[in-house]
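Trainee: Build me a model from this:
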Amino acid sequence: MHLAYPVVLAALLFSIGVYGVLARRNSVLVLMSVELMLNAVNLNLVAFDAWLRDSLHAGQALTLFTITLAAAEIGLGLAIVLLVFRTRGTADVDRVTALGDRAAEIPAQAGPAPDAVSKGQAL
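Mentor: Okay, here's the model as predicted:
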């Protein structure tokens, strides 16, 4: 088997993943694109391991490590996406600008509140 076939396929998968990360607005699709990029890396690791005929199979060991990291990443990523969707009501990456409290997004007023001034109350 030629090394060019899996490398070209991995490059194609990685470029589709990069396009998905840069062009998509839905955070679940962004996570899927990151997974596609990690699978392209796994394909390269296994292909080079088979091509080099490594006796320790370091490429396959790194692939197992990458799969473990990908599983942890998707678990935490989906938990964060679900939490943001519950609090904000959207999974759109562009509309979620701050992960802090919504009160932090509202700029503070310079003076006392208008209704307190009209009633003659001090703050």
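Trainee: Relative to Thr90, how far out is Asn44?
Mentor: 35 Å (CB to CB, to the nearest Å). To be clear about C-beta, it is placed using only N, CA and C from the backbone, and glycine gets the same treatment.
Trainee: residue nearest the centroid of the protein?
Mentor: Closest residue to the average C-alpha location of the chain: Leu31 at 4.7 Å, with CA atoms, centre = their mean.
Trainee: just to revisit the earlier point, with neighbour numbers in mind, choose between Asn44 and Thr90.
Mentor: The residue with more neighbours, out of Asn44 and Thr90 and counting by other CB atoms under 10 Å, is Asn44; that gives 20 against 14.
Trainee: Pull out the buried residues from the helix or strand harbouring the more buried one.
Mentor: Using DSSP states H and E, the element containing Asn44 is helix 27-52. By 16 or more other CB atoms under 10 Å, the buried positions in helix 27-52 come out as 27, 30-49.
Trainee: How many neighbouring residues does Thr87 have?
Mentor: Neighbour tally, Thr87, other CB under 10 Å: 12.
Trainee: Against Leu62, how distant is it?
Mentor: 37 Å.
Trainee: longest single helix anywhere in the chain?
Mentor: Of all the segments assigned as helix in the chain under DSSP state H, the longest by residue count is helix 58-88.
Trainee: Was I right to think Pro6 contacts Asn42?
Mentor: No: using CB atoms under 8 Å, Pro6 is not in contact with Asn42, being 10.6 Å away.
Trainee: just to revisit the earlier point, so which elements touch the helix holding Asn44?
Mentor: Using 3 or more CB pairs under 8 Å, 6 or more residues apart in numbering; DSSP states H and E, the elements in contact with helix 27-52 are helix 4-23, helix 58-88.
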